[in-house]
Structures are given as structure tokens and as C-alpha cells.
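Enquirer: Make a model of this:
(2 chains)
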Number of protein chains: 2
Amino acid sequence: MAREADAVVVTGGLGPTADDLTREAAARLLGRPLVRHLPTEARLRALWRRRGRPLPEGNLRQALFPRGAAVLPNPVGTAPGFAVKVGRVPLFCLPGPPGEMVPMLRRRVLPALRALRPGLPRVREAKITCCGVPESVVAERLGDLMDRDRPVAVGTTASGGVVTVRIHGSGAAAQGVAGTHREAVRRLGGDAFDPAGRSPAEALVALLARKGLTVATAESCTGGLVGGRITEAPGASAVFRGGVVAYENRVKESVLGVPRALLRKHGAVSAATAESMARGARRFLRADLAVAVTGIAGPGGGTRAKPVGLVWIAVADRRGAVSVSRRFPGDRPFVRALAVATALDLLRRRVQGTR
Amino acid sequence: MAREADAVVVTGGLGPTADDLTREAAARLLGRPLVRHLPTEARLRALWRRRGRPLPEGNLRQALFPRGAAVLPNPVGTAPGFAVKVGRVPLFCLPGPPGEMVPMLRRRVLPALRALRPGLPRVREAKITCCGVPESVVAERLGDLMDRDRPVAVGTTASGGVVTVRIHGSGAAAQGVAGTHREAVRRLGGDAFDPAGRSPAEALVALLARKGLTVATAESCTGGLVGGRITEAPGASAVFRGGVVAYENRVKESVLGVPRALLRKHGAVSAATAESMARGARRFLRADLAVAVTGIAGPGGGTRAKPVGLVWIAVADRRGAVSVSRRFPGDRPFVRALAVATALDLLRRRVQGTR
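Expert: You can find the predicted model right below:
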């Protein structure tokens, strides 16, 4: 690649195991030996001391670099990256895990690449987050904004019930990004979870904090994932009181106060039970709002009347309780991910006063 | 690719949006029109009717296939795949999401590929799951089994605190896989979470079910993710009672019965609090065992004595409570993932009687 490109970025292969060979490959390419980097060795020893485990000797391989390489510090993980020149071409070797790779790419690689080509066209980007709405519905709302011959590119990606709208323009089109973003937000209306493109958890925690509201969860089929998702956001402790995972019906009764008669009459997967769970969690955890999820994630447990994928979601606040049902497609992990996304969305709509 | 290979497998680009172009590309390659597949249209309409939303017209594109293509049903998602021949070379077009792609690959593509080359060497594989143990520790235990010149290949992959050991042999080496697997299990000793290579959740639920034990969770910094992980396993309802997400200290006190004096003296992130949370959850949810997690996931909240990444994990059962602390590296999501993995591991060791 160094023969054909102006710069090469390699990710992965910097770990401690025998199949991590990026260091060796780079050294062979350069015709230079690997040499020990003492500050990295010291850092590795300190890390393992803090973990209370002896450092496996093999891990010291992570402190070897081709002679003359610039070591790129890794504040997040154990493997530093490194930069060398292959002839006149810069080669950046970064760790594989995205959580370690991305910060290093941003801090060390992108500025170097920009410096290589100072005249590159300006790029502007914007994002909008949708959550609990199918990707095709988002695409239909966006309509001709997604046409591929427009100068500002609008695309969608979907993962686990979260749809991200990406708006991108480079060169002359960069200045059109803001207008396209405004128009996309307008067309999405109430389906835009966050016009600023933050993660649903971050946007929800910020919204609740701004309104001075606290929230609690009551979960059955999601087993804790709604609470897990809300607390992805740093600072969630300002708004999240806690939750009850009521997997057993007995816990729904004894902790959340769902009446046994109601459970018998409507079943655990019903509007009445979801709303009662939300009311119970709100009371029990003394929160302003509570969200409840109960459903059949599969693969077993479905019936003709209540098939696998059926999920009821409710939100309770001082005004009362609202609920929605969905029949999600897909396997158990997919049904649960969509249930989490829809729970966050109902919560957001309720706080914004549109439900 | 069809010019050089004996078969081609394409994934992705079968979705409903305008940038999903695999159908069009295949039709152009074959010089055939796209035609409507009526059973798929009917299935799409029924799916959306059940979701209670109108079918976006654009989604009918998912029912278009190059004339003469064999439609590969998708029981999991909306996009069927298809198979055609480019000259004599079979071309398989599969959906991108792994949850939809993998079942279709297994059921329809792999058998067809095997039929293409009946004399292909036999392949045997085995897996071992480790959980809450660093990958480099696993690699050190495995030692020379990972040497790359051995006929049976042994490798490790790590994701979110779960390390999977993969043992692979083809042709003459296939018969050596069982022996290498036995030796790897022996060397890993108590660090092998599941010698059968199932996910930690599946293995743990099976272990608890076999012993007739129930479990509950008490979570602070993981916000519900331990419960979420345990309930990944179908059939978790046989062993999982439920959990308390005690994000606020007030919830630790009022629900889990952690004494206020104890919280004041030791702090929320301490052995005493973790053990008290586990005891409280066990009592409150009437389970045989409970696991508790309390820690500082970051990025804020760390101090010199209790830095970001410090997590205490405890398990309580009728014999009492045990706890371990770890100082995890990495960012907030990474610390939480490692905390979940370590919680499952401590639970497993306690049930197996090694803690």
C-alpha cells in the first residue's frame, strides 16, 4: 500500500498474543529491529500491578516498536500505537478496538493527514438521531433529501433500533449542510429523537436534567437493558433513580404492586400490566417518571394471541400512564433491542408532551 | 469476482432504502429485469399490518428480484436473499445484519458450497468461553498450544470481557481437535467459564438450572446490564428472579437495606457495600444467590483513593458473601462491560464451589 498511497493507516495486531504481528511486520518492512520502549514497559507493569495480577511476560511485546518509530500514547488501553515513515509515506499503526483506535485516530492521525494536504476541501457534517422508528419510515420522511444526485449527501444507518441520519457536504456543498439539516429535522417532526445527533441516552438524560425530572425503570423481558442504556450516558446519576427488573410475576406483584387479579385477567404482557408496572416503579423508586417494558422476546413463550415479538411499553408520570404495543420482528436479541429503543422513545415523547 | 471464483457470496444492500442497490447491481450484471415476487410482497404487507403501520411504498423494492433468481426466505427479518448463476458460478446475495445473514448462510449457502466440492477436507472446530479474565492471561495459560506451526490451530478473540478460545483443524488435523480441546480445558482450569464454548449467559443459566438454584441482581454502575446479560439466554426465566438497579444511594438503603452508617463509613464503592447489596437483593427477591456490582465507571466521579475503573463485585448465598475488586482500564462502556463479565464469572465460580 505504501507504494501506491500517500499515507497508510493500519489497525489491529498490536495486542499481546502470538498472533498480533503488526509490530513484526512493520519492522520487517522497514528492515529495522524491534526495540524496547521503557516508558511503555513501566506503564504496562504499573497497569497490571493495579489490577492485582502479575504481568504475563508475553505482554512486554506490547512495549516493542520498530527502531525510530514515534510511539502514539494510548490513554484508554494497554497497546500504544506507532508512526513510522516507509520511504516518504507515513504509516500509522493503531490498536484494533474502536474505543482505543478512534481517540488515537482523532488526536494523532487526522491532524497529520490534514497537514499532508492543506488544500483539501472543507467538510461539514451533521447528524440526527431517531430511536424506535423503522429505518424505512425515516427514509420515507426524508424523501428526496436522500436522492443521490444532490450535492449534500443524506444517508441513514440503523443499529439496535437507533437510526442515525447523516448529512454530509464537502467543498462547495459544505455550506448547504446546515439548511439540509434544518429541512430534515422539519420533515422528521416528532420522530427526531435528537436533532443534535447525540445518542438516545445522552439526549434523554440531557432533556430530563433540563426539565429537572427523575426517572425509574420497571423491566421484564429486557432484563435491565433499559436501565443499562440510560446509564450509558455519563451524568445519568443526576436523573436516574434506579429500576426494578421484575422478571418473575411474583416480583411484579410484591415489589411493583401489580394486582394479582389484573395479572390473571390481562396476563403479564398487556397494556394493563405495563401501565401498572410503570405506576408501581414510579411510586416505589419515588421518581417523576417511570418506564415499563413487558413482552415475549422468544424464542419460546409465544401464543396465537400473544406471539413472540409482542411487547407492551408504558410510561407513568403525575398525569397518569400511557402505553403502546409493538410486534417486533427478529430474534430474541433484536426484539429486546427494539423494545429498549421504543421505551426510550416513549419516555422522550412523554417528557416533550407529545404523548 | 465471478470471473475468478467458483462461487460468490455478497452480503448487504437488500434493505428498503435508495442506497440498497444489490438487487439492481445483480440484475444489471445478468442483463435481466427485476420482477416482483408476489409471496414476498404479501409477506411484507402482512408484517407491516401486524406492526400497525402503513407499508412505506419504497419497501416493496424488497420484493423485487432478478428474473429467474431463487428467493432465499428470511424468517428473521424483512429482506429475503436470492441466488442466481452468473454463467456457471453461483452468486448468493444475503442481507447484511448478521442475525439475518448467518441463519440464511447456514441453511442455504453452506450446503450448496459443500455440494460444489464434495472432496473438501473435513473441518472440526471447538470453542471454550472465558469471562472476566484478560485475553493475555488466557493466552499465557494456553502457552505452546497457540504456536502457529502446530497442525491444530488455537486462537483467541476478545469482546466485552468475554474471551473465546477457538480450536480448529482441517484434513488430517481434524482428528486432533478433541485432544487439543481437552488439553486447553485442563490448562485453563478454573478460568474456563464454559468448556463447551456457549455464551456466558447460556452456560450460567444451564449451570443454575442443573443445580436448581435461582439468582437475583443488585446493580449500581452497570445500571441493569448484568440482568440484561443473564436474560440474553432463552430460558433464563427458570433461574432468574429479577433485580434491583440501585443507582441512587437512597435506593441502596431503602430497597436493599444497606445501612446508612455502612455507606457513610465505607462509601458506595466498597467491599462492605457490595456484599450488603448482594445480601439485600438475595433477601428482597428471595433468590438462592445474588450478585452485586458497585463501581466508578467514569468519566467523572473518580478520586485518588477510588479512581475511575474501580469496581467491587459481590456474590451472596446461604453460606454468606464474597467479594472481589478490580481496577478496569478503558472508558465508561469498557469498564461496564468488564464489570458485567466479572460479575458473571464470580457467580459461576461461587456456584461451582471454587469461591
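Enquirer: use CA for all of it now, contacts and neighbours both
Expert: Fine.
Enquirer: which residues touch A:Gly227?
Expert: The neighbours of A:Gly227, taking C-alpha atoms under 8 Å, 6 or more residues apart in numbering or on different chains as the test, are A:216-217, A:242-243, B:223-225, B:245.
Enquirer: Try it again at 7 Å.
Expert: For A:Gly227, the contact set (C-alpha atoms under 7 Å, 6 or more residues apart in numbering or on different chains) comprises A:217, A:243, B:223-224.
Enquirer: and what of A:Val258?
Expert: So A:Val258 contacts A:252, A:273, A:276-277 (C-alpha under 7 Å, 6+ apart).
Enquirer: swap in A:Ile230?
Expert: A:201, A:236.
Enquirer: nearest to B:Pro118, of the contacts of A:Gly227?
Expert: Ranked by distance to B:Pro118 (C-alpha to C-alpha), these are led by B:Gly224 at 48.7 Å.
Enquirer: just to revisit the earlier point, quick check, nearest of the contacts of A:Val258 to B:Pro66?
Expert: The nearest member of these to B:Pro66, counting by C-alpha to C-alpha, is A:Thr273 at 47.5 Å.
Enquirer: Look up how far chain B lies from the closest one.
Expert: Separation of A:Thr273 from chain B (C-alpha to the nearest C-alpha, to the nearest Å) stands at 17 Å.
Enquirer: Show me the strands in the stretch 251-355 of chain A, by range?
Expert: Remark: strands assigned in the stretch 251-355 of chain A by DSSP state E, counting those that start in this stretch are A:289-295, A:310-317, A:320-327.
Enquirer: Dump those to JSON lines, plus distance to chain B, mean neighbour count and mean pLDDT.
Expert: Listed next are the strands of the stretch 251-355 of chain A as JSON lines, based on distance: least, C-alpha to the nearest C-alpha, whole Å; neighbours: other C-alpha atoms under 10 Å in any protein chain shown; pLDDT from 0 to 100:
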{"stretch": "strand A:289-295", "distance to chain B": "13", "mean neighbour count": "31", "mean pLDDT": "98"}
{"stretch": "strand A:310-317", "distance to chain B": "9", "mean neighbour count": "28", "mean pLDDT": "98"}
{"stretch": "strand A:320-327", "distance to chain B": "5", "mean neighbour count": "19", "mean pLDDT": "96"}
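Enquirer: what sits against whatever residue of chain A ends up closest to chain B?
Expert: Chain B sits closest to A:Gly224 of chain A, with a gap of 3.9 Å, by C-alpha to the nearest C-alpha. Going by C-alpha under 7 Å, 6+ apart, A:Gly224 touches A:245, B:224-225, B:227-228.
Enquirer: What about those, which are in helices?
Expert: Among the contacts of A:Gly224, the residues falling in helices (DSSP state H) are B:225, B:227-228.
Enquirer: Can you give the contact residues for stretch A:121-141?
Expert: Stretch A:121-141 is contacted by residues A:158, A:161-171, A:174, A:177, A:181, A:187-188, A:191-200, A:338, A:341-342, A:345, B:16-17, B:56 when judged by C-alpha under 7 Å, 6+ apart.
Enquirer: and A:Val335, what pLDDT?
Expert: pLDDT, A:Val335: 94.
Enquirer: One more: A:Val84?
Expert: Looking at A:Val84, its pLDDT stands at 97.
Enquirer: how much space is there between it and A:Gln352?
Expert: Using C-alpha to C-alpha, to the nearest Å, A:Val84 is found at 52 Å from A:Gln352.
Enquirer: And A:Thr303, by the same measure?
Expert: Distance, A:Thr303 to A:Gln352, by C-alpha to C-alpha: 36 Å.
Enquirer: Pull up the residues of chain A that are close to chain B.
Expert: Within chain A, the positions near chain B by C-alpha under 7 Å from any C-alpha of the partner chain are A:16-17, A:50-51, A:56, A:59, A:76-77, A:136-137, A:139-140, A:222-225, A:227-228, A:231-232, A:234, A:237, A:240-248, A:299, A:326-327, A:329-331, A:333.
Enquirer: For the longest helix seen in chain A, name the packing helices and strands.
Expert: For chain A, the helix with the greatest residue count under DSSP H is helix A:332-351. If you count contacts as 3 or more C-alpha pairs under 7 Å, 6 or more residues apart in numbering or on different chains; DSSP states H and E, helix A:332-351 packs onto strand A:123-131, strand A:310-317.
Enquirer: quick one, strands of the stretch 1-150 of chain A?
Expert: Using DSSP E, counting those that start in this stretch, the strands of the stretch 1-150 of chain A run over A:8-11, A:34-36, A:64-66, A:70-72, A:81-86, A:89-94, A:123-131.
Enquirer: Dump these to JSON lines, plus mean neighbour count.
Expert: Below are these laid out as JSON lines (neighbours: other C-alpha atoms under 10 Å in any protein chain shown):
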{"stretch": "strand A:8-11", "mean neighbour count": "15"}
{"stretch": "strand A:34-36", "mean neighbour count": "17"}
{"stretch": "strand A:64-66", "mean neighbour count": "24"}
{"stretch": "strand A:70-72", "mean neighbour count": "17"}
{"stretch": "strand A:81-86", "mean neighbour count": "20"}
{"stretch": "strand A:89-94", "mean neighbour count": "22"}
{"stretch": "strand A:123-131", "mean neighbour count": "21"}
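Enquirer: For A:Arg318, which residues are in contact?
Expert: Applying C-alpha under 7 Å, 6+ apart to A:Arg318 gives the contacts A:Asp288.
Enquirer: Repeat that for the one 4 residues further on.
Expert: For A:Val322, the set of contacting residues under the criterion of C-alpha under 7 Å, 6+ apart consists of A:275, A:314-316.
Enquirer: Next one: the most centrally placed residue in chain A from A:Gly212, what distance?
Expert: A centroid search over chain A (C-alpha atoms, centre = their mean) returns A:Ser199, at 6.4 Å, as the residue closest to the centre. Distance, A:Ser199 to A:Gly212, by C-alpha to C-alpha: 20 Å.
Enquirer: cool, A:Val324 as well?
Expert: From A:Val324 across to A:Gly212, the span is 25 Å (C-alpha to C-alpha).
Enquirer: repeat for A:Arg117
Expert: Noted for A:Arg117: a distance of 47 Å to A:Gly212, by C-alpha to C-alpha.
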